[in-house]
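**Student:** Generate coordinates for the sequence data below:
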Amino acid sequence: MQLGEILDGTFNIYRRHFLLFMRLSLILVWLPTVIWVYFQVRFTGNPLEAISMLEQHLVATILIGLGWLVLAAIAGLLLRAGTIRIISDSYLGHEPDLLDSLKFGVAKIIPLLLVTISKNLLLFLIAVFGWLAIVVLMVLGRLANPGIAALLMVVGIVGLCWFVAWVACGYGTTTPIVVLEDLPSSFDAFGRSWELTRDMRGKVFGTIAVTWLMSAMLPGLVVAGISGAMNATGNPSLQPLFAVVSSLLSIVLAPLLPCALTLLYYDLRVRREAFDLQILSEQLGIR
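**Tutor:** Residues are numbered from 1 along each chain as shown. The predicted structure is shown next:
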């Protein structure tokens, strides 16, 4: 499938199982979303109160923040696993079931967490060491000429962004691999993803970028623009409403990216391994 076909398939599946996706999203994402909306409403327009609370309760604030991150990560991974199960059942001609999707996600949550944390840590370390290398190049360039230092900085930043994106795309299918494949170790998903995406990193990047743009960035910009306009007219009382609307949009559109990545994963396996529905049926335990 080309990128356009993957996106078309994504929206077709999303539309066909919209109510099931919404039930799954609401069950899994409502708690971290409510917490996020609460803090947005509480401190929007009053940054001094937020700073004061951070100074007075630094440890508690950090712990609450870490707890929210863990909760949001688990909810997001369960949503992805459940979405993958819904799409896979649909591929096999079975009617997807909410309870089956939830059970499937819970059974995979530990390996998903391990792989996700490891992947993010790897990308973080690449970014940190990349920035250190850029700083060293700038210092060396400044010894020769300030113009060379500026050129090295630009080249270094562009190169680092490209390399981080390239590595991230190489590991872009780890989630469906962990969910759908029976691996000796969950960390084998890194090697599997790297091999599946070989010579296809541009397609992976395009799929993720376009889907994220449509499902997250553009809706967020629209809501932020309307909210900013209302603020400029001297009507900030509607800020809580826009915070709620933005959060609801994120819940409604959350399944789109997992849908696109799952279709991309199937497409890559068909290309490289002649993947068929019988293999998928065996992996899901469906007879």
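**Student:** Show me the contact partners of the strand or helix carrying Asn12.
**Tutor:** Counting by DSSP states H and E, the element that carries Asn12 is helix 3-16. For helix 3-16, contacts defined as C-beta atoms under 8 Å, 6 or more residues apart in numbering pick out 1, 21, 87, 90, 203, 206-207, 210-211, 255-256, 259-260, 263-264, 267. Yep, even glycine has a C-beta here, placed from its N, CA and C like the rest.
**Student:** which of those tops the neighbour count?
**Tutor:** Among the contacts of helix 3-16, the one with the most neighbours (other C-beta atoms under 10 Å) is Phe21, at 29 neighbours.
**Student:** If we ignore the residues flanking it in sequence, what's nearest that residue?
**Tutor:** Closest residue to Phe21 apart from its sequence neighbours, by C-beta to C-beta, 6 or more residues apart in numbering: Pro255 at 4.3 Å.
**Student:** Does that neighbour touch Ser25 like I think?
**Tutor:** Yes: shown here, Pro255 and Ser25 form a contact pair, counting by C-beta atoms under 8 Å, at 6.4 Å.
**Student:** Now for those two: what residues contact both?
**Tutor:** Shared contacts of Pro255 and Ser25 (C-beta under 8 Å, 6+ apart): Leu79.
**Student:** low-confidence ranges in the stretch 1-150 of the chain?
**Tutor:** Where the stretch 1-150 of the chain drops to pLDDT under 70, the residues are 1, 43-47, 49-50.
**Student:** would you list every one of the helices in it?
**Tutor:** Secondary structure of the stretch 1-150 of the chain (DSSP state H, counting those that start in this stretch): helices at 3-16, 18-43, 47-56, 58-91, 98-144, 146-170.
**Student:** How far off centre is the shortest one?
**Tutor:** What it means is helix 47-56. Distance, stretch centre to chain centre, for helix 47-56: 30 Å (C-alpha atoms, centre = their mean, to the nearest Å).
**Student:** Just want the angle from that helix to helix 58-91.
**Tutor:** Inter-element angle recorded for helix 47-56 and helix 58-91: 110 degrees (by axes from the mean of the first three to the mean of the last three C-alpha atoms, to 10 degrees).
**Student:** what residues are up against the residue nearest the centre of the chain?
**Tutor:** Nearest residue to the geometric centre of the chain (C-alpha atoms, centre = their mean): Leu257, 7.3 Å. Counting by C-beta under 8 Å, 6+ apart, Leu257 touches 208, 211-212, 215-216.
**Student:** want to throw these into TSV with distance to Ala81 and pLDDT?
**Tutor:** As requested, these are exported to TSV (distance: C-beta to C-beta, whole Å; pLDDT from 0 to 100):
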residue	distance to Ala81	pLDDT
Ile208	18	90
Thr211	18	88
Trp212	19	87
Ser215	18	79
Ala216	19	75
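**Student:** Ramachandran angles for Tyr171?
**Tutor:** Tyr171 adopts backbone torsions of phi -100, psi 20, taken as degrees, to the nearest 10.
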